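In: My questions are about this predicted structure, shown below with the sequence.
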Amino acid sequence: MGNINPDPFTTRPEIEGTFGVVTSTHWIATAVGMATLEKGGNAFDAGVATAFTLQVVEPHLNGPGGDVPIIVHDANRGRTEVICGQGPAPAGATIAHYLSEGLEMVPGTGLLAACVPGTFESWMLLLRDYGTLRLRDVLEPAIAYARDGYPLVERASATIKVVEQLFRQHWKTSAAVYLPNNEVPKPGTLFTNKQLSETYARILKEAESAGSDRVAQIERARKAWSHGFVAEAIDKFCRTQEVMDVTGSPHRGVLRGDDMARWQPTVEAPLTYEYGRYTVCKAGVWSQGPVMLQQLALLKGFDLDGLDPAGPEFIHLQTECAKLAFADREKFYGDPNFTEVPIATLLSDAYNDERRKLISDKASLEFVPGSVEGFGSVVKLRRQEGHREAVGAMGAGEPTVGRFGEVRGDTVHFDIIDQAGNMISATPSGGWLQSSPVIPELGFCLGSRAQMFWLQEDHPAALAPGKRPRTTLSPTMALRDGEPYLAWGSPGGDQQDQWTTQFFLRHVHAKMNLQEAIDAPAWHSEHFPISFWPRTARPGVLVLENRVPKATADSLKSRGHLVEMGPDWSEGRLTAASKVGRRRRAAANPRGMQGYAAGR
């Protein structure tokens, strides 16, 4: 008998139901999110519970000291909104100060790279204004896993091994947490972080001292974080500790408790682009999110229907459009509170009709930002020859996906849709264990997002106090025919808006379901400067998963692409969720799932 299932093979089925779906980068976090829905919480409650759990079970990929952009669709209000959880540079973070330290760029690790931690305040805003449950309901699972233990994934163990000597020699507070029994914990170890558990338990205790009112408890928790013992411990650590960083020299931090007390996350409308039936929603130009919209504005001029999504024409067109969009990211993007970004022009038909003329059948080896009179800055391209190294002894940069099996890791992501139609897509990151030393009173370390600033006065992304760095974190949401339809995203630094665009194109033009679109062979360009220390570019380099057909790779080489082949399953850690009527669907990444984690 033949196979009665006509669908192509996928690594796992696209799941479907009517109650709700949760998909994240770790199975424990997914389980916590689903349990939150099952006990009566909505998608936003489940998102907060999922996020706190991810901080515990994927500490090599995110932490409490990091940052997060969040896209939500509130079914009751009928609105799609962005919560900016990207903390700004501290008051003491001036270009003059960093230059006086003998620096040409912000270090990729250590205390000088720290912005105001944005995650906790953002989750409290989400819980207060969109959620329904109490703080205890969403924080208790994370507290329990940090206290009682969870199985450490292989990639976390390997990351600790990479920075073991840094911890032993310089970051001894990190060694106290991540080298239990004075050794690197083996994969599968039931790993605990009791100090982090105690930090969150203390916040919860202080919150509940405000009485039984849910909102009052959340406000008291915020006070404990930004005005209380958490801010005090961070202030003391940055003032008193000289911390070794990727420069090879120790530096004190400039982040202070006052910086945390002054900052709160903001809610804003998403940037959108109309692409056929779809309205694609991204965070603003303080993120790299609009590069996806720019790619779509360029790709709109090509007929992608019917093209093989693993074929040379499809890959060539997406890659060439990405080169142009990311070149504009480097020239124009920055915090719109400090610099005007001509985003309306960058997404306009007239501008993209001209930019599209630069795309030919041959790969461009030139870095070509667009021109908008009165805007942007000259980009000083730093080239790197050869292969990028894995995260080194100083733990530099964001731990993005390695091409050749290097120990790198990346960020985390989740998408959730509940029965009522509420949707959330979020990409928490930063504050990973290799970014800076653990603050011993708290059990977590600070982030390193300030490395995305330039120490170049006239650049839109120049360092300035109170300014947001141009984050790579980039969740996505889309409406179809005006109805909220799809939430998706991926960890992976500069690759995020390449992989999310590829997924979307495969779903829309090749009619792949969510799991097929995730499983399909993927790729990324390294043509433009990476956003992380040391900010270098590899013009023309195109990295393909080895599952891309050899005929496709050969054709791309003949077009002038500098093709490098990565492992079979090495490009992206996508998750996605959709809703149509009562139906809820979800899919999750199979890549490296034993090493990272995956779940939905």
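Out: Yes, it's here.
In: packing partners for the host helix or strand of Thr30?
Out: Assigned by DSSP states H and E, Thr30 belongs to helix 27-38. Helix 27-38 sits against strand 20-24, helix 43-57, helix 135-148, strand 414-418, with contacts defined as 3 or more Cβ pairs under 8 Å, 6 or more residues apart in numbering; DSSP states H and E. C-betas here are computed from N, CA, C, even on glycine.
In: do you know which of those lies nearest Pro185?
Out: Pro185 sits nearest to helix 43-57 of all the helices and strands packed on helix 27-38, at 13.4 Å, using Cβ to Cβ.
In: Mind listing what's buried along stretch 452-469?
Out: 452-456, 459-464, 466-469 (16 or more other Cβ atoms under 10 Å).
In: Show the average pLDDT along it.
Out: Stretch 452-469 shows a mean pLDDT of 94.
In: Over to stretch 337-345?
Out: Mean predicted lDDT for stretch 337-345 stands at 96.
In: got it, and stretch 508-518?
Out: 97.
In: Can you check the distance spanned by it, start to finish?
Out: 13 Å (Cα to Cα, to the nearest Å).
In: if we look at that stretch, which residues are touching it?
Out: Here stretch 508-518 makes contact (Cβ atoms under 8 Å, 6 or more residues apart in numbering) with 7-8, 10-14, 275-276, 278, 304-307, 309, 488, 503-504, 506-507, 520, 572, 574-578, 585-590.
In: Can you say which of those are buried?
Out: By 16+ other Cβ under 10 Å, these give 10-11, 14, 275, 278, 304, 307, 309, 488, 503-504, 506-507, 520, 572, 574-578, 585-590 as buried.
In: among these, which are in helices?
Out: In this view, these that belong to helices under DSSP state H are Phe503, Phe504, Arg506, His507.
In: and those residues, which two are the farthest apart?
Out: Going by Cβ to Cβ, the pair spanning these furthest: Phe504 and Arg506, at 7.3 Å.
In: Thr80 sits in which helix or strand?
Out: Using DSSP H and E, Thr80 falls in strand 79-85.
In: who's in contact with the residue most central in space within the chain?
Out: By Cα atoms, centre = their mean, the chain has its centre lying nearest to Leu473, at 3.5 Å. By Cβ under 8 Å, 6+ apart, Leu473 lies in contact with Asp67, Val68, Pro69, Gln86, Ala283, Ser287, Thr411, Thr427, Pro428, Ser429, Gln496.
In: what's the distance between the spatially closest residue to Ala75 that is not a sequence neighbour and His73?
Out: Among residues not flanking Ala75 along the chain, Gly421 sits closest, at 4.0 Å (Cβ to Cβ, 6 or more residues apart in numbering). Applying Cβ to Cβ, to the nearest Å, the value for Gly421 to His73 is 8 Å.
In: residues near the residue nearest to Cys445 when sequence neighbours are not counted, how many?
Out: In space, Cys445 comes closest to Ser436 once its chain neighbours are excluded; the distance is 4.6 Å by Cβ to Cβ, 6+ apart. By other Cβ atoms under 10 Å, the residues close to Ser436 number 32.
In: just Ser100 next, same as before
Out: Using other Cβ under 10 Å: Ser100 sits among 9 other residues.
In: Now it: phi and psi?
Out: As for Ser100, its main-chain torsions (degrees, to the nearest 10) stand at phi -70, psi -20.
In: tell me the contacts of it?
Out: Contacts of Ser100 (Cβ under 8 Å, 6+ apart): none.
In: so is Gln456 in a helix, a strand, or just coil?
Out: coil (DSSP: H, G, I helix; E, B strand; the rest coil).
In: Adjust the sequence numbering to begin at 8 for everything that follows.
Out: Okay, residue one is now 8; in that scheme the one you just asked about reads as Gln463.
In: my guess is it meets Glu337, correct?
Out: No: Gln463 lies out of contact with Glu337 (Cβ atoms under 8 Å); the separation is 11.5 Å.
In: who's in contact with Asp81?
Out: Per Cβ under 8 Å, 6+ apart, neighbours of Asp81: Glu88, Tyr137, Asn429.
In: Output these in TSV; the columns should cover pLDDT and neighbour count.
Out: Converted to TSV, those look like this (pLDDT from 0 to 100; neighbours: other Cβ atoms under 10 Å):
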residue	pLDDT	neighbour count
Glu88	98	18
Tyr137	98	23
Asn429	98	25
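In: Nearest to Arg363 among these?
Out: When the contacts of Asp81 are compared for distance to Arg363 (Cβ to Cβ), Glu88 comes out closest, at 31.5 Å.
In: Quick check: beta-bridge partners of the closest one?
Out: Under DSSP bridges, the beta-bridge partners of Glu88 are Val79.
In: From Gly428, how far off is it?
Out: To Gly428, Glu88 is 15 Å away according to Cβ to Cβ.
In: ok, now Val75?
Out: 23 Å.
In: sorry, back to before: so which one among the contacts of Leu480 has the lowest pLDDT?
Out: Among these, Thr418 has the weakest pLDDT, 89.
In: Surely that one is within a helix?
Out: No: Thr418 sits outside any helix when classified using three-state DSSP, being coil.
In: Which residues are in contact with it?
Out: Leu68, Asn69, Glu405, Thr434, Pro435, Ser436, Leu480, Pro498, Gly499, Gly500, Gln503.
In: Check the third one and give its pLDDT.
Out: Glu405 carries a pLDDT score of 48 in this model.
In: quick one: secondary structure of Tyr492?
Out: In three-state terms, and counting by three-state DSSP, Tyr492 is strand.
In: That one touches Thr483, doesn't it?
Out: No: taking Cβ under 8 Å as the definition, Tyr492 is not a contact partner of Thr483, at 11.4 Å.
In: The two: which is more packed in?
Out: Comparing Tyr492 with Thr483 by other Cβ under 10 Å, the one with more neighbours is Thr483, at 28 against 20.
In: And the more buried one, how far from Ala276?
Out: Counting by Cβ to Cβ, the gap from Thr483 to Ala276 is 15 Å.
In: repeat for Thr434
Out: Relative to Ala276, and taking Cβ to Cβ, Thr434 is found at 19 Å.
In: ok, the residue nearest to Ser216 when sequence neighbours are not counted - how many residues close by?
Out: Closest residue in space to Ser216, ignoring its immediate chain neighbours: Arg227 at 6.7 Å, by Cβ to Cβ, 6+ apart. For Arg227, the neighbour count with other Cβ under 10 Å is 22.
In: circling back to that earlier point, who wins for most neighbours among the contacts of Thr418?
Out: Using other Cβ under 10 Å as the neighbour test, those are led by Pro435, with 34 neighbours.
In: Now that residue: closest residue in space that isn't a chain neighbour?
Out: Counting by Cβ to Cβ, 6+ apart, the residue nearest Pro435 is Val75, at 4.2 Å.
In: Restrict whichever strand or helix holds that neighbour to CA atoms and write it as CSV.
Out: Val75 belongs to strand 75-81 when assigned by DSSP H and E. Backbone C-alpha positions of strand 75-81 (Å, rounded to 0.1, in the frame of the first residue of the first chain) are rendered in CSV as follows:
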residue,chain,number,x,y,z
VAL,A,75,13.9,42.3,24.5
PRO,A,76,11.7,43.6,21.8
ILE,A,77,8.1,42.3,21.9
ILE,A,78,5.3,42.4,19.3
VAL,A,79,1.8,41.8,20.6
HIS,A,80,-1.6,41.7,19.1
ASP,A,81,-4.3,42.3,21.7
